[in-house]
Structure formats: C-alpha cells, structure tokens
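[1] Below is the sequence, then the predicted model.
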Amino acid sequence: MCAGLVVACPCARARARDTPPQDQRAAISVPAAPLRQALGELARQTGISIGTQGVLPDVWTQPCHKAANVGQALERMLRGTGTRAVALGPALWRIEPARRASLRPARARPAVLPAPGPIIVTAAKQPIALRDISRAMSVLSLSDAQTHDAQSDTATIAAGLDGLAMTALGPGRNRMFLRGVADSPFNGTSQSTVAVMIDDTRLTYAAPDPDLRLIDVDRVELLKGPQGSLYGTGALGGIYHIVSHSAQLDRFSASASAGVSAVASGGMGASGSAILNLPLTKDRIGLRLVAYGSREPGWIDTGTRKDSNTTLISGERATLGIDPGGGWRIDLSGLAQHIDARDSQYVYAPGSLSRPAQLPEPHDNDLYHAAIRTEGQIGTVHAVIVSGLSWQEVRDQLDATSGAQSLGLANPGAFIDDRHYHVWDSEIRFDGALGPIHWLAGLSFLQAGEHEERLLQPLGAGNGVTIDTSRRVATDTGLYLDASLPLTQSLTIDGGGRLFRSALDVSRASTTAQARLETTRFGITPSAALTWRPHDGRTLYLRYDSAFRQGGLDFESSGQIHAYPGDNIATIATGWREEWRDGGQLELSAFYDWWDDVQSDMLLANGLIETRTAGDAKIIGAEAALSLPISSAWRISLGATAQSAHLVRNVLGQTLADTRLPAIPDYTLRGSVERHLRLGGAQGLLRLSLRYSGPARLSFEPQLDRAMGRVLDSMIENSWTWPRTTVSFSISNPLNRAGNLFAYGNPFRAAQAQYTPQQPLTVKMTVTRHF
C-alpha cells in the first residue's frame, strides 16, 4: 500500500454498482498475515480499493473467517493493529491510525515474497489503482535501504523502470527523456520535455533534472507520453512524479543511516541520512524532518588532480501535517538540496579514466521548494488544493582556453553559465461521480521564470566580458475536465481536454543586439481513451494525448536575434496491463507520436548553445514489463523498450546522414532476479540486476553525429533486516566495464572526440537503524 489519501478508482465504482448484495456472495476469509499482505488479499477477493494515510505499520492482522461483508472483515482483521478502516464509498476504504491502540509487533515467519496489494498512483491527478489506469505509467516503490540511502537518485529510477533515458553530464546537469521524446543532449534555454514534480507540485520547468535524492520517498511515478490535457505547457514527454512520505500524526518514529563506498581506481565516499517524525498534538498535528548528506567519490583524474569529479550533496526537508477535522488534511512542506560537483566527468579516449591537465569545470545546483497542500471531501466530491514555489540556481564553469577565441577575448579562460529559475505552480481540482460518470475537473496556474547570464573570463589578469543575458517568463492558465462513462459492464470511454491561455515574455541582449518577444496563445489540448476491463486485474486501453511547447528567441552565429516557433506533439498509444492473484504483473504497450516543429538546443560554431527548429519527427515504439514470482521466495523482473525516433522533415539547412533523434538508445533491455532469505532472526534479500542500453547518437549536427551507448550496467545487492536494523551491501558495475555513456562534455572542445565512461566497480555498505 502507498502513502496518501486514496478514494475509489472508476473501475471499483463500476464494480460496486454491478456487485450483488454481500449475502448473495461467498463469505470473506483472510488468514492472519502482515498488514500490507492481508489488505492486498482482501482487495483481490472483493474488488475494492484500499488506501492509507501515512505509512502502514509493521504489524500482523487477526485472522478473519467467513465475514459477511467488507466492513466486518476489516473490523476483525484490524483488531490490535493500531489502525482502523474508514469507508469512503461502497468500494472505497482508507486505513488510518486508530485513536487509541497499541501495536502488536510482527511475528517471525519464514522468508516468503510479500503479496503486494493494489498500487495506488496519483500522477494522473486522481488516486487510482495502477492495474486499472488507462495510461502508460510505471511505478517504482523504494525499499527501506533505498529510501535511507543519500545516493538514491534519478539514475536509480531509470535503472528499474522502462522508457526513461538520461544524458550523463553528472548530478544536477542531466536532461531526462521519456518514450523517445528527445530534443537535444545540450542544456539550452528550451523547456524540458519531462516535468519533475514532488507531491503534486512542479520542481522544474526549463531547468535540468535537479537529481533530488530519494530520502524518505515512498515511490516515483512515471506518466509517459504527452500530458498537455492534465499538465499544460511543455509536458511533451511525460511526468516524473516523486511521492514522499507524509507526517504521521499519531506516533513517534526515527531512523538514521550511515554508509561508505569505494570506487575501483577512484576515491572513497560516505553518506548519511536521518528521518524524524514527531506528533506535536496527537492525532492533530505532526512534524516530519529529513536530513541527508553524501560525498560521492570521483574516478576521473585530470592532470595531477586525482578523482577530480568528486561530488558533495546535502539536503533537508520538513513537512507539517495538520488534521483540522471533518476528514480534511493540510500539509505544509519545504525542502532544500545543494549539489557541489568539483569537476566534469568526460575524457578524450574511449575506456580511459584520465585526461590531460585543464581548468576545473565545477557545477553548482541549489534547489529550494515550499508548498501547501489541502485535501478532503466536500460531500461526495474529493477536493485537492495545492500551491508550490521552487527556486533553482545553476552555475556551470567550463574550460574555454581552446575554442572560444571568437567570443571577444584574446586569452579566454573560464566560461561561466549562471542561471536562476523559479516556478510557481497552483491548482484546485475536484473529482467525483455523477450517476455512472466519473469526472475530474481542475483550474491551474503556472508561472515559470528564467534569468541567464553567460560570461567569459580571461586566463590570468584582466577583465572578463558578458557574452549575453536573457530573461524569460512563461505563464500558463488552464481549465481542464476529464470524464469517463461506462458503456457496458467492462467497456469505458474517456474524454477530456484543457482550455488554456499561455503567455511568453522573453528578452535577450548582447553587446551587439537586443530583442524582446511577447506572445499569447489560446487553445485546447484534447485527450481520449477507450478502456476494456474484461475482469478484475486485466485492463486494455487505446488512447490519444497531445501537448505543445512555447517558442522563444535565439542568437544566430552572426550575432542577430530571431524568434523560433513552438512545437506540438500528439500520440496514439495502446496498452495491456495484467495483474495475477499470485502477485505477478505484466504490461505491454505500443505508441506512435508525431512531433511538429521540433525545438532543439544545438551547438554553434562559436561553442555557444542556441535553440533551432529542426523539423518534424515521428516516433514509433513498444515497451514490455514482467514481474513474476516463480516460487515462494524467488521473483524475476524483465523489461524492454524499443523505439524508432527519426526526423522526417529536416529544416536545419544541412544534410543529415543520420536522422535519429539525439541521446536516446534504439532499445534497452533489463532484468533482475531476487531471492528472499531467512537466517536466524534476520530477513534477507539477494538481487542481481542487469540493464543494457543499445546504440544511440549524440546530436543532429553531422560534425557531432557521434556513436554512444551499447552499455551494460549491472549490480549485485544484498540486505539483511532485523526488527530495527538493516545492513545492505551492493556492488555496482561488478564487471568493471567502461562503456561510453555520453559522447559530450565541453562545447568549446567539441571538435575533439569526448567520452563519458561508466563509473568503475563500486562497493557500498549502508547501515540503517530505526528507533
């Protein structure tokens, strides 16, 4: 079960309408089991949806034999667990802390695979069981070891889910892509194709991935494909949604972790985290505090500087949860994260871990975020009001001693790119049922700003020059509606759209030119779906989605400024999602995208990055994922993605030998096998994971059409858990491979081939203690 207030999914409501009275069905029997496992079994037997507020306690339920209805079954099962069940509808239940109860510790049991209950996801703006959602979505729930590891990051999610690809410039510098919607490997001024969110509010708009560490995070949801009807401007590729644990109002809890790591042919690292939950007023107000830090070891030698790409990361997060009564919940939250990368991580020879002496290329990424979220019921309608404000300061320094002579200094030294971003994201939404129709409606407002200054400093004494400055403010106001209507007991039609007003105010200036662009666009981004659920646990869907992105201003190589148009994308996708009673899951999907007037950040001859219209693209792809228990203690997980993403209309003014979209592999394959163990009083887990990324290319430009990819990642993990302590070990890249993750690092040295090797074999140990 997942954290967060859960209400009925549309299919559960449909089942409730079509289900005969309980006395006409078999009585309900659920054996004693861990709470999560028992609730999953009850949900499978009865077709209900169950959610929870906060984290489920580690307790066992009472046995339930021949209960007459769901309410009676839950009342018997939850006796003595410190929890109670609240009915939200005929097929909707929420598990929440009981007002007064003592917890019964979990009893020892043989090591077996846990039977998962229904996974409830929220990235689609309403709580719904993953097995029933008619969208392309993947979810990775984090283990206890991962959620305490300050080195758990975006790459952790990309390794475990299908469809997510990343560049490899380093922490806080990367771009993310979903399902082949890749515009450029370079960090220019164009809006990101993937929106990064936490707990319903945006962290980014045009900034690179902040690489937020996943401390005290319940799960990460990937909503794949264009999401313009729900999220508005720029969500061309999809949504990366982080769901954190909320403050618990009824109990004290605390945990801390410490870890050490070592890289072969590299340095030593250390990490630590602490999580504290304090009920300030029992059952009414709770405070949850999180802090973490990590020294991530380097492995690239630059001249005499050993392990020069060492990175320091620290972060804090606080959440205040308030229960004002009447079934409402208010959460106030804030976070900060700081990334200090001492140097870049590219080299000039394949397989090498060193490069000649050059100026350091540090990266600094500071992220701040504050939000307020209110959730509750207004009669039978579920309501959410949320507002969040994010600030991100990103500063990159590059060695420009070679390749930057045309920028105005005879003796160029360091190039500095200084950017400041802010995003204000607010929304009010409602969902409910009107007869057989389930509906979702919302009003949203987003304002995103960016200020950039690019400077060139001399090598040695002297004054630097400001190359250019830019300011960009985008606003998006939208009213969206989505409704689903059951045509038959198993067939549902869904339709929706977003009526929007999108405005852009952008200005740019250099020593020779300046310009300003103000545009406003009104329109509708529609969506539609047809869903067939022949029986519980099986969903097949066909859907259409669309999105658009605003244009802007860029500099020509001549120094002149011109405007470029926005781009639009639409997709048709089909999928089949299956969930079996033994906990096995299968997902198959295929998609076809057409993308008009693709915006691409491109590298100019002077070493600067500007945005160009590349033309039109078509993307065809398929995904498959399987998670299957093969015995009481063994589970395998397999996944694959294949995509053909090509530019079909070229307006770049140069002949392209390779029309593939940049940075994304033609295919990826992943697999893992895990074994649950028991030794004395400890529960153990042993997992082997492999992931292969197929061939990819760097960029459209013929001079940068460089091969990369064909990389095999591997990891061995072992953890042992006692009632309060977990000790975990991992070996990443045990084969010590040095594949080329990314064929780029410095734009001024792009005439010389560049390579980004895999991190060498790394051994890590982490100890987590719960208090």
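    That came through fine. Residues are numbered from 1 along each chain as shown.
[2] okay, CA-based contacts and neighbour counts for the rest of this
    Noted.
[3] Run through the strands of the stretch 451-600 of the chain in chain order.
    In the stretch 451-600 of the chain, the strands defined using DSSP state E, counting those that start in this stretch lie at 465-486, 491-510, 514-532, 538-549, 552-555, 561-564, 567-579, 585-603.
[4] Then the stretch 251-400 of the chain?
    Under the criterion DSSP E, counting those that start in this stretch, strands of the stretch 251-400 of the chain are mapped to 253-263, 268-281, 285-296, 301-302, 311-325, 328-341, 354-355, 363-378, 381-399.
[5] How about the stretch 1-150 of the chain?
    28-30, 49-52, 64-67, 83-89, 92-97, 120-121, 128-129, 137-141.
[6] if we can go back for a sec, wait, which of the strands of the stretch 251-400 of the chain is closest to F548?
    Nearest to F548 among the strands of the stretch 251-400 of the chain is strand 381-399 (22.5 Å), distances taken as CA to CA.
[7] Now do the buried residues in the closest one.
    Within strand 381-399, the residues scored as buried using 16 or more other CA atoms under 10 Å are 382-399.
[8] So which other helices or strands are in contact with the longest helix seen in the chain?
    Taking DSSP state H as the criterion, the chain has its longest helix at helix 35-46. Helix 35-46 is packed against strand 28-30, strand 49-52, with contacts defined by 3 or more CA pairs under 8 Å, 6 or more residues apart in numbering; DSSP states H and E.
[9] So in that sheet, which strands flank the shortest one, and in what orientation?
    Strands flanking strand 28-30 in the sheet, each with its direction: strand 64-67 (antiparallel) (DSSP bridges).
[10] what comes into contact with the strand it pairs with?
    A27, I28, S29, V30, P31, A32, A73, R76, M77 (CA atoms under 8 Å, 6 or more residues apart in numbering).
[11] if we go to 7 Å?
    By CA atoms under 7 Å, 6 or more residues apart in numbering, the surrounding residues in contact with strand 64-67 are A27, I28, S29, V30, P31, A73, R76, M77.
[12] How about stretch 315-331?
    246-247, 284-293, 332-338, 372-377.
[13] what does stretch 652-663 give?
    167, 182-185, 614, 645-647, 696-700, 702.
[14] returning to that earlier point: same list (the strands of the stretch 1-150 of the chain) but as CSV, adding mean pLDDT.
    CSV is the format used below for the strands of the stretch 1-150 of the chain (pLDDT from 0 to 100):
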stretch, mean pLDDT
strand 28-30, 80
strand 49-52, 79
strand 64-67, 75
strand 83-89, 78
strand 92-97, 80
strand 120-121, 82
strand 128-129, 84
strand 137-141, 92
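[15] Mind putting those strands into JSON lines with distance to R749?
    Shown next, in JSON lines, are the strands of the stretch 1-150 of the chain (distance: least, CA to CA, whole Å):
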{"stretch": "strand 28-30", "distance to R749": "65"}
{"stretch": "strand 49-52", "distance to R749": "53"}
{"stretch": "strand 64-67", "distance to R749": "69"}
{"stretch": "strand 83-89", "distance to R749": "61"}
{"stretch": "strand 92-97", "distance to R749": "57"}
{"stretch": "strand 120-121", "distance to R749": "45"}
{"stretch": "strand 128-129", "distance to R749": "49"}
{"stretch": "strand 137-141", "distance to R749": "38"}
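[16] what ranges do the helices span in the stretch 151-300 of the chain?
    All helices of the stretch 151-300 of the chain, identified by DSSP state H, counting those that start in this stretch, fall at 154-160, 228-231.
[17] most packed of those?
    Neighbour counts (mean count of other CA atoms under 10 Å) averaged over each of the helices of the stretch 151-300 of the chain peak at helix 228-231, with a mean of 26.
[18] Who are the packing partners of that one?
    strand 491-510, strand 514-532, strand 538-549 (3 or more CA pairs under 7 Å, 6 or more residues apart in numbering; DSSP states H and E).
[19] rewinding a little: between the strands of the stretch 451-600 of the chain, which one is nearest to G160?
    strand 585-603 (14.5 Å).
[20] Give the next helix or strand downstream of the closest one.
    strand 609-629 (DSSP states H and E).
[21] what helices or strands is that following strand leaning on?
    Using 3+ CA pairs under 7 Å, 6+ apart, strand 609-629 sits against strand 552-555, strand 585-603, strand 634-650.
[22] try 8 Å
    Under the contact definition 3+ CA pairs under 8 Å, 6+ apart, strand 609-629 sits against strand 552-555, strand 561-564, strand 585-603, strand 634-650.
[23] pLDDT averaged over the third one, what's the number?
    Mean pLDDT, strand 585-603: 95.
[24] Over to the first one?
    Strand 552-555 comes out with an average pLDDT of 87.
[25] quick one: that strand to chain centroid distance?
    On the basis of CA atoms, centre = their mean, to the nearest Å, strand 552-555 sits 29 Å off its chain's mean C-alpha point.
[26] Now do I119, the pLDDT please.
    So I119 comes in at 75 (pLDDT).
[27] I'd guessed it sits against P127; true?
    No. Applying CA atoms under 8 Å as the test, I119 and P127 come out as separate, 9.8 Å apart.
[28] one step back: of all the strands of the stretch 1-150 of the chain, which one is nearest P436?
    strand 83-89 (14.1 Å).
[29] by how many degrees do that closest one and strand 92-97 diverge?
    Angle between the axes of strand 83-89 and strand 92-97 is 150 degrees (criterion: axes from the mean of the first three to the mean of the last three CA atoms, to 10 degrees).
[30] Might you list the low-confidence residue ranges for the stretch 51-200 of the chain?
    53-55, 58-59, 89-90, 98-118 (pLDDT under 70).
[31] do the same with the chain
    For the chain, the stretches with pLDDT under 70 are 1-26, 32-33, 53-55, 58-59, 89-90, 98-118, 557.
[32] picking up where we left off before, between the helices of the stretch 151-300 of the chain, which one is nearest to D216?
    Of those, nearest to D216 by CA to CA is helix 154-160, at 14.5 Å.
[33] helices and strands around that closest one, which ones?
    On a contact count with 3+ CA pairs under 8 Å, 6+ apart, helix 154-160 meets strand 164-166.
[34] Switch the helices of the stretch 151-300 of the chain over to CSV; also include distance to S719.
    Conversion of the helices of the stretch 151-300 of the chain to CSV gives the following (distance: least, CA to CA, whole Å):
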stretch, distance to S719
helix 154-160, 17
helix 228-231, 39
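[35] Quick one: closest of the ones you listed to F771.
    helix 154-160 (26.7 Å).
[36] ok, back up a step: closest to D713 out of the strands of the stretch 251-400 of the chain?
    strand 253-263 (15.2 Å).
[37] dump the residue contacts of the closest residue to N568 other than its chain neighbours.
    Among residues not flanking N568 along the chain, F548 sits closest, at 4.2 Å (CA to CA, 6 or more residues apart in numbering). By CA under 8 Å, 6+ apart, the contact list for F548 reads G228, G232, T233, G234, A235, L236, G566, D567, N568, I569.
[38] Check the burial of the fifth one by counting its neighbours.
    Neighbouring residues of A235 were enumerated by other CA atoms under 10 Å; the total is 27.
[39] Now do the phi/psi pair for it.
    phi -80, psi 60 (degrees, to the nearest 10).
[40] could you redo the strands of the stretch 451-600 of the chain as CSV and give each row distance to A87?
    Listed next are the strands of the stretch 451-600 of the chain as CSV, based on distance: least, CA to CA, whole Å:
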stretch, distance to A87
strand 465-486, 23
strand 491-510, 25
strand 514-532, 27
strand 538-549, 25
strand 552-555, 50
strand 561-564, 53
strand 567-579, 25
strand 585-603, 28
